[in-house]
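Chemist: just a sequence and a predicted model for now, questions to come.
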Amino acid sequence: METQGIFMSDMSRIRSRYLNLLETALVGTLYGDPGSQPWSSREFHPDKRALGRDWPALAQTMIGSIRMRSLRHMCETVLLDDIPGDFIETGVWRGGACIYMKGILEAHGDTRRCLFVADSFQGLPPPNAAIYAADAADAGDRHHTFEQLKVSRKEVENNFKKYGLLDDRVVFL
Ligand SMILES: C[S@@+](CC[C@H](N)C(=O)[O-])C[C@H]1O[C@@H](n2cnc3c(N)ncnc32)[C@H](O)[C@@H]1O
C-alpha cells in the first residue's frame, strides 16, 4: 500500500528507526552519558544503563533501555489494538519516559490522546508514617535529601521542547 509516495513498509521502518534513535538519546547510550554521584560513579557503564541501575548525568530518564523497550511495547499494543484512554506517568524526574511516550504517539500519528506528566517537580517528600502508615517501611530513607531528584516543571517542559514534542496535549499535573 502506498501513502503520498511512501510505502507502508517504509513507514514502519522509518518509525522504528526514529523510536530507536529517540530511545538511545533519552537513555544516554547515544553519547555515552556518564553516571552521577552519589548514586553512581562518573563513568558510562552500558550494562548498568541498559538495566536502569545508575543515575544519568545528562540523559532524561534513569529507567534504562530494557524498561524503555517494555514501555514502547505496551504503548504500541494500546495503539495498535485501539484500546481507549490517555497516557500518564506518575514520577517523571527529567521527563524521559514521558517524552518517549509522546514520541510514540507522534510516530503513530495519534492526534487524540493526552499525555499526563505527574510529579511534585521538587523531588521526594520525607517519609511521614503519621499520615501514611506504609511510610513506616521507609523510616530513615534519605532519598528526599538528594538534590539530583529535584527537577522543576520548567526543566521538564524544556526537555520536551528539545525533542520538539511539547504541545497542548501534554498536560502537567
Ligand atoms: C526515581 S524518579 C522517577 C524516574 C523517572 N520515571 C525516569 O524515567 O527517569 C522519582 C520521581 O518521582 C517523584 N516523586 C516521588 N514521590 C513523589 C510524591 N509523593 N509526589 C509527587 N512526586 C513524587 C520525584 O519528584 C521524582 O521526579
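Modeler: Received the coordinates, thanks. Note that the structure is predicted; figures quoted are calculated from it, not measured.
Chemist: quick check: beta-bridge partners of Gly35?
Modeler: Counting by DSSP bridges, Gly35 is bridged to Pro56.
Chemist: burial measure for it, as a count.
Modeler: The local packing of Gly35 (other C-beta atoms under 10 Å) involves 21 other residues. For every residue, glycine as well, the C-beta is placed using N, CA and C.
Chemist: just Leu105 next, same as before
Modeler: 23.
Chemist: now Glu89
Modeler: Going by other C-beta under 10 Å, the residues that sit close to Glu89 add up to 20.
Chemist: one more: the one 3 residues further on?
Modeler: Burial measure for Val92: 24 neighbouring residues, criterion other C-beta under 10 Å.
Chemist: is it in a helix, a strand, or coil?
Modeler: coil (DSSP: H, G, I helix; E, B strand; the rest coil).
Chemist: and it, what is it in contact with?
Modeler: Cys98, Val117, Ala118, Asp119, Val151, Val156 (C-beta atoms under 8 Å, 6 or more residues apart in numbering).
Chemist: surely the last one touches Gln122?
Modeler: No. The pair Val156 and Gln122 does not pass the contact test of C-beta atoms under 8 Å, sitting 11.8 Å apart.
Chemist: picking that back up, just the closest of the contacts of Val92 to the ligand, please.
Modeler: Asp119 (4.6 Å; C-beta to the nearest ligand atom).
Chemist: what are the phi and psi values at that closest one?
Modeler: Backbone torsions for Asp119, taken as degrees, to the nearest 10, come to phi -170, psi 170.
Chemist: could you check how far it is from Thr61?
Modeler: 13 Å (C-beta to C-beta, to the nearest Å).
Chemist: after the longest helix belonging to the chain, which helix or strand is next? Please name it.
Modeler: Counting by DSSP state H, the longest helix found in the chain is helix 8-27. Using DSSP states H and E, the helix or strand that follows helix 8-27 in sequence is helix 46-51.
Chemist: okay, buried residues for that following helix please.
Modeler: Lys48, Arg49, Ala50 (16 or more other C-beta atoms under 10 Å).
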